[in-house]
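Visitor: When you get a sec, could you give me coordinates for this:
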Amino acid sequence: MAPLLIIGIGNTLRSDDGLGVYAAEELEKRLDPAEVEVLQVHQLMPELAHELQNRRAVLFLDAAARGPAGQITSSTVEPDNSTWGAWVHQLAPATLMTAAATLYGATPPATLLSVAGEDFSMSEQLSPIMAQTLPLLVERACQWAQEQLASR
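Guide: Numbering: from 1, shown residues only. Purely as a prediction, here's the structure:
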């Protein structure tokens, strides 16, 4: 079976939107690549569906446009057939899960850790609240990986 997969999503030129990518950079330093593969992507693309094959579990990390700034939310990601066929070039995690299930029969358990952002303007700096939240998000992702690896 392939390693666990963590996908950090974001645009580092749009301030808080880059949080998922910054978290993925930190996770690459902390996690064993033989056990956990970490990807950094600007956005989810249909081509990523093949990456979900044979995974025990997948974790998505992303900034959210709504909610109290800095709040970390965890949610289960299930395939969403209502969005199938309505693709553009950017997908939601549920649509990527649908693509993986449809194309490859891949249905690994998936979780989304999202953090409500405060500033999505053109900047390469996280807002102060997101800079404070980044280490917490990295810790939550590490805990997720440890739990998944312990449940083998």
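Visitor: packing partners for the helix or strand bottoming out on mean pLDDT in the chain?
Guide: Scoring the helices and strands of the chain by mean pLDDT, DSSP states H and E places helix 93-104 at the bottom, with a mean of 92. Of the remaining helices and strands, those touching helix 93-104 by 3 or more CB pairs under 8 Å, 6 or more residues apart in numbering; DSSP states H and E are strand 72-77, strand 110-116. For every residue, glycine as well, the C-beta is placed using N, CA and C.
Visitor: Tell me what angle the last one forms with helix 93-104.
Guide: I take that to be strand 110-116. Per axes from the mean of the first three to the mean of the last three CA atoms, to 10 degrees, the angle that strand 110-116 makes with helix 93-104 is 160 degrees.
Visitor: What helices and strands are in contact with strand 110-116?
Guide: For strand 110-116, the contact count by 3+ CB pairs under 8 Å, 6+ apart identifies strand 58-64, strand 72-77, helix 93-104, helix 128-150 as packing neighbours.
Visitor: pLDDT score assigned to the spatially most central residue of the chain?
Guide: To find the centre residue of the chain, average its C-alpha atoms and take the closest one (CA atoms, centre = their mean): that gives residue 60, at 1.8 Å. Residue 60 is assigned a pLDDT of 98 by the prediction.
Visitor: Return the set of residues that bridge with it.
Guide: Judged by DSSP bridges, the bridge partners of residue 60 are residue 7, residue 112.
Visitor: Please name the residues that touch it.
Guide: Taking CB atoms under 8 Å, 6 or more residues apart in numbering, we find residue 60 in contact with 6-7, 9, 20, 44, 77, 93, 110-113.
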